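*Asks:* structure for the following, please:
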Amino acid sequence: MSNLKKIKYILSRHDKIYLLILLFMSIFLSFIETVGISAIMPFITVATNPVQITQNIYFRNIYNFLGFDKEMHFVIAFGFLLIVFYIFRAVYNILYTYMLNKFAYGRYNLFTSRLFDTYVHLPYQNFVQRNSSQFTKAIINEAGNLSSYIQSLLSMLSEVFTIVLLYSILLVIDWKMTLVLTLVLGLKILFITKILSKRIKAQGEKRSESQSKFYKILNETFGNFKIVKFIQNEKKILNEFLTASTQFTRSNIVNATLQQLPRNILETVGFSSLIAIVIFILIKYEDASKVLPIISMYALALYRMLPAINKILSSYNGMLFMSKALNIVYDELRYIPPKEGDQNINFKSEIVLNNISFEYIASKPVLNGITLSIKKGEKIAFIGKSGGGKSTLVDLIIGLYRPNKGEIHVDGILLDDKNIRSWRSKIGYIPQSIYLFDGTVKDNVAFGYELDDSKVIKCLKKANIYDFLSQKDGIDTRVGEGGIQLSGGQKQRIGIARALYNDPEILVLDEATSALDNDTESKIMDEIYEVSNDKTLIIIAHRLSTIEGCERKIRLDKGKICD
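*Replies:* Alright, predicted model coming up:
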C-alpha cells in the first residue's frame, strides 16, 4: 500500500476536509508568491524608465483610468500598492503556516489517542505477547515522527505549487534560457535525490531499531532495579544502553548532515547559473537598462525558487527518514480489536465450563477437555504444580482469554463478546504482585473508577489497613512508585481494597499471598474469607494452608483435572 493511502486510512474525515482546505490555501499562497515576484519586473521597468507608462498599452490604460496627471505619481502609487500587497502576503503566510503546523503537529494528539485506545482495547492474549516498550515507543515517539512526516508532506506540496507558477512565468519571459536552467538544476536535483534518498531512508530504519532497543533496555532495567543492584551488572547494561544510544545519535547526525547537502549544492549551482544568465543577457542585449527588469525577474525568481527546491528536497528526505513511523502507526491502527458489547449478564446460580481447551502455541494445549461448574457463593481453590494450567484456567473463567474449544456459560448464558464487559465488572482480581503507582492510597484503590472517599475508606477498613494509614496521612498517604514505601503485607491489603472497590460478586486470588511470610499470609487469608462471605471466591494457591476455608479444592496437572 502506498504511503498516501496509509495516511488517508489514518486520518479522520474531519482531518481530510481540513487537509483539503490547506491544499487550496497552499495554491492561493503560491499564486500570491508568484504575483509578488512577477510584479517586481514591471515596477522596476516604470521606475527606471517612466516613459514606459505611456508607451505600454496596459500601463497607459491603468494610468488614464485612474486619472493620474504625473508619471511619478503613478510610480509612487504602484510602489505603495506593492508594499500593501507584501504586508498582506506576509500576514497570509503567517496564517497559513499556523494552520499548517496546527494540523500537522495537532495530529499528534489524534495519533497518540488512537494508539492508546487501540492498546487498551487489545485482547489480553494479544497484549501479553508484545513488549510494553513497543507501545511506549509508538505513542511517545512514532506518533510525533508521523506528525513531522505529514508536516513535511504539506510543506513540500506548498513549495511545488510556487515553483510551478514561477517556472511558468520564466518560460513566458525566455523559454530557451529557462529550459537550459531547468536542465542544469534538474540534473543536479536528480543526482542529489539518487545519492541521498537511499542513505537517508536507511538511517531512518536504524533510528527506529535503535530507539526500540533504547526503550526495551530502559523498561527492563527500571522494572528489575532490585535485581540490577543485586547482581551488580550496571556496567554491562550501561554498555548495551550506550550502544543503542550511540546508534540512535549517529543516525540523527548522518541524517541532519545529509539534509544540508542539497541546500549547499543547489545554492552553488543556482547562483552560478544566475551569473551565467546575466552575462548571456548582457551579451545578447547591448543596452543594460533595457534588460535590467529581466535580470531582476530571474534573480528574484531564483532567489525564491532555490529555497523552495531545497525545502522540497529537505521535506522529501525528512519523509524518507520518518517513513518507518508511518508504517509503524499504520500497522498498529490497522488492527481492529473485537468489539465488546454492553449486554448485561447476571450471575445468580453457577458458572459452567464445558469441555474447555486452550493453547498459546498451536498443537501445544495448556488445558485439555476441562469440564466443571462453580456455584454462586462457593469458595473454590485450584492447586497443583507450576505450569499445570491453574492461572490459565482462571484467566479463562474471568474472561481474559477465550477458549480455543468448548464454551463457558453463566446461568445458562454463553459468555461471549456481547456480554464480556458486564462479566468482568462483577470480578475483583488480586494478583500475586500488586502494582501501585506513585500516588496516594485513595488514587490507587479507586484506580479506573470515579473517586469516592467514603468508598475508599470502607474498602480499606475491610482490608484491615485503615487504622495503619490513619497514623500517617490517611487515604492521602503516598505509597511511592511500586508501593516502595509500604511492606509486602500492606501492599497486599491495598490490593484487596482495590479489588473490593467496585463491590464485585466474584473475588479472584491469583497466588496473591505466596510472597508473604506465614503469619502475614494467615492473617490476610482470614480477612479475605471474611470480606468474601457473600461472594464467590476463586483461589489459585500452592500452599494448602491458605485454602483451608475453601469448600472445594481442584487439582490440575498437565492441563487436566485430577480426580
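
*Asks:* after the one helix or strand in the chain whose mean pLDDT sits lowest, next one along is what?
*Replies:* Here the helix or strand of the chain ranked lowest by mean pLDDT, DSSP states H and E is helix 225-231, holding a mean of 52. Where DSSP states H and E defines the elements, the next helix or strand beyond helix 225-231 is helix 234-284.

*Asks:* and the next helix or strand after that following helix, what does it pack against?
*Replies:* Downstream of helix 234-284, the first helix or strand assigned by DSSP H and E is helix 288-334. Where contact means 3 or more Cβ pairs under 8 Å, 6 or more residues apart in numbering; DSSP states H and E, helix 288-334 is packed against helix 3-10, helix 13-38, helix 40-48, helix 71-120, helix 143-173, helix 175-223, helix 234-284. All C-beta spots, glycine's among them, are computed from the backbone N, C-alpha and C.

*Asks:* mean confidence for the second one?
*Replies:* Read that as helix 13-38. Averaging pLDDT along helix 13-38 yields 86.

*Asks:* that helix vs helix 71-120, what angle?
*Replies:* 160 degrees (axes from the mean of the first three to the mean of the last three Cα atoms, to 10 degrees).

*Asks:* which other residues reach stretch 387-395?
*Replies:* 124, 356, 358, 366-367, 370, 382-384, 401, 508, 510-511, 538, 540, 556-560 (Cβ atoms under 8 Å, 6 or more residues apart in numbering).

*Asks:* let's see it at 6 Å
*Replies:* Stretch 387-395 is contacted from outside by 366-367, 382, 384, 401, 510, 540, 556-557, 559, using Cβ atoms under 6 Å, 6 or more residues apart in numbering.

*Asks:* stretch 266-276 too?
*Replies:* 181, 184, 188, 302, 306, 309-310.

*Asks:* the stretch 351-500 of the chain: helices as residue ranges?
*Replies:* With DSSP state H, counting those that start in this stretch as the criterion, the stretch 351-500 of the chain has helices at 390-397, 420-424, 441-445, 453-462, 466-470, 488-500.

*Asks:* possible to save those as a markdown table with mean neighbour count and distance to Leu115?
*Replies:* Output for those, formatted as a markdown table (neighbours: other Cβ atoms under 10 Å; distance: least, Cβ to Cβ, whole Å):
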| stretch | mean neighbour count | distance to Leu115 |
| --- | --- | --- |
| helix 390-397 | 22 | 25 |
| helix 420-424 | 19 | 21 |
| helix 441-445 | 23 | 24 |
| helix 453-462 | 18 | 31 |
| helix 466-470 | 15 | 37 |
| helix 488-500 | 24 | 27 |
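
*Asks:* and the ones you listed as a markdown table, adding mean pLDDT and distance to Lys201?
*Replies:* Listed next are the helices of the stretch 351-500 of the chain as a markdown table, based on pLDDT from 0 to 100; distance: least, Cβ to Cβ, whole Å:
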| stretch | mean pLDDT | distance to Lys201 |
| --- | --- | --- |
| helix 390-397 | 88 | 42 |
| helix 420-424 | 89 | 43 |
| helix 441-445 | 89 | 45 |
| helix 453-462 | 89 | 53 |
| helix 466-470 | 88 | 56 |
| helix 488-500 | 86 | 48 |
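
*Asks:* for Leu171, find the nearest of those helices.
*Replies:* Closest to Leu171 of the helices of the stretch 351-500 of the chain is helix 420-424 (Cβ to Cβ; 64.8 Å).

*Asks:* drop anything exposed from the contacts of stretch 266-276.
*Replies:* 181, 188, 302, 306, 309-310 (16 or more other Cβ atoms under 10 Å).

*Asks:* how far away is Asp534 from Ile345?
*Replies:* Distance of Asp534 to Ile345, computed by Cβ to Cβ, to the nearest Å: 19 Å.

*Asks:* which of those two has more residues huddled nearby?
*Replies:* Remark: of Asp534 and Ile345, Ile345 carries more neighbours, 18 against 8, as counted by other Cβ atoms under 10 Å.

*Asks:* which SS state does that one fall under?
*Replies:* coil (DSSP: H, G, I helix; E, B strand; the rest coil).

*Asks:* which residues touch stretch 31-51?
*Replies:* 52-53, 71, 75, 78, 82, 89, 162, 165-166, 169, 293, 296-297, 300-301, 304.

*Asks:* again, but for stretch 458-470
*Replies:* Contacts of stretch 458-470 (Cβ under 6 Å, 6+ apart): 445, 477, 493, 496-497, 500-501, 527, 531.

*Asks:* would you format those as a markdown table with distance to Gln432 included?
*Replies:* Converted to a markdown table, the contacts of stretch 458-470 look like this (distance: Cβ to Cβ, whole Å):
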| residue | distance to Gln432 |
| --- | --- |
| Val445 | 19 |
| Thr477 | 23 |
| Arg493 | 15 |
| Ile496 | 13 |
| Ala497 | 17 |
| Leu500 | 18 |
| Tyr501 | 19 |
| Glu527 | 17 |
| Val531 | 19 |
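
*Asks:* report the two of the residues you listed separated the most.
*Replies:* Thr477 and Val531 (21.1 Å).

*Asks:* any idea how far Asp69 is from Phe111?
*Replies:* 62 Å.

*Asks:* compare these two (neighbour count), which wins?
*Replies:* Phe111 (24 against 7).

*Asks:* for Gln259, what are its contacts?
*Replies:* By Cβ under 6 Å, 6+ apart, Gln259 lies in contact with 314, 317.

*Asks:* next: Lys311.
*Replies:* Glu159.

*Asks:* pLDDT score for it?
*Replies:* pLDDT at Lys311 comes out at 83.

*Asks:* just to revisit the earlier point, wait, which of the helices of the stretch 351-500 of the chain is closest to Phe214?
*Replies:* Proximity to Phe214 (Cβ to Cβ) singles out helix 441-445 among the helices of the stretch 351-500 of the chain, at 29.3 Å.

*Asks:* so what touches that closest one?
*Replies:* 436, 456, 459, 475, 477, 497-498, 501.

*Asks:* what's the closest of those residues to Ser349?
*Replies:* Nearest member of the contacts of helix 441-445 to Ser349, counting by Cβ to Cβ, is Tyr501, at 25.6 Å.

*Asks:* returning to that earlier point: which two in the contacts of helix 441-445 are spaced the farthest apart?
*Replies:* Top of the distance list for the contacts of helix 441-445 (Cβ to Cβ): Thr477 and Tyr501, 16.7 Å.

*Asks:* domain assignment for this protein?
*Replies:* 3-334, 350-562 (automatic domain parsing).

*Asks:* which of these comes out lowest on mean pLDDT?
*Replies:* Mean pLDDT values for these show the minimum at domain 3-334, a mean of 80.

*Asks:* how far does it sit from its chain's centre?
*Replies:* Domain 3-334 sits 22 Å away from the centroid of its parent chain (Cα atoms, centre = their mean, to the nearest Å).

*Asks:* can you start the count at 70 instead of 1 from here on
*Replies:* Fine by me, first position is 70 from now on; the one you just mentioned is domain 72-403.
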